[in-house]
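Chemist: using only what follows, build the 3D model:
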Amino acid sequence: MKCICLAFGILIVVTLPISGQQKTKNTSRAEKTTVEQQLRQLEREWNDVIVRKDITALGHILSDDFILITATGTVRNKAQLIDSIKSTDLVVEPFETEDVIVRIYGDTAVLTGRFTQKGSYQGKSFSNQFRYTDVYVKMSHGWQGVSAHSTLMRQP
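Modeler: Down below sits the predicted model:
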């Protein structure tokens, strides 16, 4: 649903526009569209809570065993990601994702796409483009992010 990636090793992942395919048999197109819409909305929320630094909302979006792999290869758990986001050193500008593909496999969804993230860290501006993968699992209380990974795209 989604990572901020800075040269400083802070990462947040997100997504949005969607197309996808569902592998579950006997699932109607309407059901598939509804699930895709739910995931799209959850990704938008993930983007927004990062910008707003709404740690409570982010805590609900991510599973307790959430794992993030940053563009630098660093592995962070949910608590470490939340600590990075709530840092007063980090300011993230509103952002959206592009080229998002959603694939749904029963109670698991894999979202891939691209995003540009701008902001500042310790007063120094940054702007980077990333490709990412977010993995969601449908839990008893709804979809939650369980894993995220991003890769820094080469600057032309």
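
Chemist: show me where the protein dips below the pLDDT cut-off.
Modeler: 1-27, 156 (pLDDT under 70).

Chemist: what ranges do the helices span in it?
Modeler: Taking DSSP state H, the helices of the chain run over residues 29-52, 55-61, 78-86.

Chemist: longest strand anywhere in this protein?
Modeler: In the chain, taking DSSP state E as the definition, the longest strand is strand 124-139.

Chemist: relative to that one, what are the paired strands and their orientations?
Modeler: Sheet pairing here is set by DSSP bridges, and for strand 124-139 it gives strand 108-121 (antiparallel), strand 142-152 (antiparallel).

Chemist: extract the CA atoms of stretch 142-149 and return them as PDB.
Modeler: Only the C-alpha atoms of stretch 142-149 are listed here, as PDB (Å, rounded to 0.1, in the frame of the first residue of the first chain):
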ATOM      1  CA  GLY A 142      -9.700  -6.100   6.900                       C
ATOM      2  CA  TRP A 143      -6.700  -5.700   4.600                       C
ATOM      3  CA  GLN A 144      -3.300  -4.900   6.200                       C
ATOM      4  CA  GLY A 145       0.100  -4.300   4.700                       C
ATOM      5  CA  VAL A 146       2.500  -7.100   5.700                       C
ATOM      6  CA  SER A 147       5.500  -6.300   3.500                       C
ATOM      7  CA  ALA A 148       6.900  -3.500   1.300                       C
ATOM      8  CA  HIS A 149      10.000  -3.100  -0.900                       C
END
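
Chemist: now do it: distance to the chain's middle.
Modeler: Chain-centre distance of stretch 142-149: 8 Å, with CA atoms, centre = their mean, to the nearest Å.

Chemist: residues contacting it, please?
Modeler: 1-3, 11, 13, 38-39, 42, 46, 60-63, 65-69, 109, 132-137 (CB atoms under 8 Å, 6 or more residues apart in numbering). Placement of C-beta: from N, CA and C, glycine included.

Chemist: do that again at 7 Å, thanks
Modeler: 1-3, 13, 38-39, 42, 46, 61-63, 65-69, 132-137 (CB atoms under 7 Å, 6 or more residues apart in numbering).

Chemist: coming back round to it: report the angle between the longest strand of the chain and helix 29-52.
Modeler: When axes from the mean of the first three to the mean of the last three CA atoms, to 10 degrees is applied, the directions of strand 124-139 and helix 29-52 differ by 140 degrees.

Chemist: fine by me, thanks again.
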